[in-house]
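Engineer: Got a sequence here, can you build the structure:
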Amino acid sequence: MHWSPPPDVSYTVVRRKGSVTVETIAEAVESTASLTVLVEASDQAGTCVPDGRTRCLQDSRYAVSVDWWSLDGAGGTGLVVHEGTNDSGMFWFFDPKNWEALIKVLDGCALNGHV
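Structural biologist: Numbering: from 1, shown residues only. As a prediction, the model looks like this:
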């Protein structure tokens, strides 16, 4: 795979255990490496603050968290999968490689005239 980034653009990759900023990539680089990213709103319209248990959607207007429980009384809180878009978020319960829930927020205001 060959990817050429646009010139004079800054890219910020945010990871759970820190932040890495890559600025102005001037030439294309061929790589077999992969990186999973979580998309967060750059211009927040809401007050949601994301963390490992809270996923902010639709420009931080919606805060989403999930809880689970079983018939024997065991339970816990879902943890955010660090992959998704501004409109969708995923959570895992027992294994970070086994995603348990997908939450998607759709803006349907234009459909019923509430623009």
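
Engineer: which ones are touching the closest residue to L106 other than its chain neighbours?
Structural biologist: Of all residues not flanking L106 in the chain, D87 sits nearest, at 7.0 Å (Cβ to Cβ, 6 or more residues apart in numbering). C-beta coordinates here come from the backbone N, C-alpha and C atoms, glycine included. Listed by Cβ atoms under 8 Å, 6 or more residues apart in numbering, the contact partners of D87 are L57, Q58, K104, V105, L106.

Engineer: can you give me the helices for the chain?
Structural biologist: For the chain, helices defined by DSSP state H do not occur.

Engineer: Poorly predicted segments of it, please.
Structural biologist: Along the chain, the parts satisfying pLDDT under 70 run over 1-43, 115.

Engineer: Please repeat the previous calculation with a cut-off of 50.
Structural biologist: By pLDDT under 50, the low-scoring segments of the chain are 1-3, 8-27.
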